[in-house]
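In: can you look at this prediction? I've put the sequence above it.
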Amino acid sequence: GSEWTYAGHHGQENWPVTYPDCGGTAQSPINIQTSNISYDESLPPIEPEGYNTPGNQPFTLTNNGHSVELSLPSSMTLRGLPNTFKAAQLHLHWGSPAKQAGSEHRLDGEEFPAELHIVHYNSDKYADISEAKNKPDGLAVLGVFFEIGATDNPAYANILHHLDNIRYKDQTVSVPSFNVRHLLPENLEEYFRYQGSLTTPPCYQSVLWTVFYHPVEISRSQLEKLQTTLYSTTATEVPPEVLGNNVREAQLLNSRTVYSSFHI
Ligand SMILES: NS(=O)(=O)c1c(F)c(F)c(S(=O)(=O)CCO)c(N[C@H]2CCCc3ccccc32)c1F
Ligand SMILES: [Zn+2]
């Protein structure tokens, strides 16, 4: 469809004009207020299956102009949710050297430097993500906050090492498969859960969100590489525009409840 952006004339304030769901009442991301949370003891640990042996097929890393996305094999499955969900892709959101805050979800108003999203579709009910993406029970996205740590994170190096090959929109590179479980925090038991949407157009309200409480760490130089390497423009467009601040404003919770799997 027509291209959308995060700022400017086609920026997020105008998304609902072209994509009506973006003006809905169950939108994402949100600010997770820990003073306004319901503890749900029935929320089980999240159990990724096939994340650590994704087979020997390489992954495809793409600069899609909005983010850097990694295609994932449907052999990667998620258990511990109301249905079985199969992985489709993962991507990142980040800020810029001028605005370090780059997470989409906020925790008590705190924005983290970046956020990982792993997008899955309900494979009990739908054949693929294209069929699932606009169904109320169609998608499940895992969200992981980033913090700055003292050393490089070797798991994220599997992605960040290749950014120089996909500097421009629509460029792709083949990435040797690696253990995707290592992109997640150790603790998959403590998370927040709410019903929301895609955070980009078409903003379908089809996402069961799971945002882990514990962040992962990458180094300051790894974050800077993410903030400064990619362009949202194609190799032929001038001037090139740096891809960053691909972050949607926090949306109103309205009548929704945010649940936690742990006492906070
Ligand atoms: N934050 S978010 O809501 O998780 C989120 C993004 F932020 C994001 F940029 C993307 S995108 O990279 O595909 C560019 C715009 O759709 C997606 N794509 C999902 C949903 C749309 C359909 C589809 C089809 C195949 C694979 C993934 C997806 C997305 F879900
Ligand atoms: Zn996302």
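Out: Done, it's in. Ligands and ions are numbered 1, 2, ... in the order given.
In: which residues touch the nearest residue to T62 once chain neighbours are set aside?
Out: Closest residue to T62 apart from its sequence neighbours, by CB to CB, 6 or more residues apart in numbering: T172 at 4.6 Å. C-betas here are computed from N, CA, C, even on glycine. For T172, the contact set (CB atoms under 8 Å, 6 or more residues apart in numbering) comprises T60, L61, T62, N63, I166.
In: chain neighbours aside, what residue packs nearest to L90?
Out: I118 (4.4 Å).
In: for that neighbour, phi and psi?
Out: Dihedral pair for I118: phi -110, psi 120, per degrees, to the nearest 10.
In: from here on, call the first residue 19.
Out: OK, 19 is where the count begins now, so the last one is I136.
In: give me the beta-bridge partners of it?
Out: Beta-bridge partners for I136, by DSSP bridges, are L108, L160.
In: V229 too?
Out: G161, F210.
In: which residues of the stretch 69-218 of the chain fall in strands?
Out: Using DSSP state E, counting those that start in this stretch, the strands found in the stretch 69-218 of the chain span residues 77-81, 86-89, 95-97, 103-112, 124-125, 132-140, 157-167, 190-193, 209-214.
In: and of the contacts of T190, the nearest to ligand 1?
Out: T80 (8.3 Å; CB to the nearest ligand atom).
In: quick one: the closest one and I177 touch, right?
Out: No. Between T80 and I177 there is no contact under CB atoms under 8 Å: 11.4 Å.
In: neighbour-wise, which of those two wins?
Out: I177 (22 against 19; other CB atoms under 10 Å).
In: tell me who's in contact with that one.
Out: Here I177 is in contact with L79, V86, L88, L110, V193 (criterion: CB under 8 Å, 6+ apart).
In: one more: A119?
Out: G113, E129, F130, P131, V265.
In: so what's the third one up against?
Out: This means F130. A119, G120, S121, F163, F164, E165, P233 are the contacts of F130 under CB under 8 Å, 6+ apart.
In: take these and write them to a markdown table, including distance to S60 and pLDDT.
Out: Shown next, in a markdown table, are those (distance: CB to CB, whole Å; pLDDT from 0 to 100):
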| residue | distance to S60 | pLDDT |
| --- | --- | --- |
| A119 | 33 | 97 |
| G120 | 33 | 98 |
| S121 | 27 | 98 |
| F163 | 24 | 98 |
| F164 | 29 | 98 |
| E165 | 29 | 98 |
| P233 | 25 | 98 |
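In: so Y139 is in contact with D146, correct?
Out: Yes. Between Y139 and D146 there is a contact under CB under 8 Å: 6.7 Å.
In: so for those two, which sits in the more crowded spot?
Out: Y139 (25 against 12).
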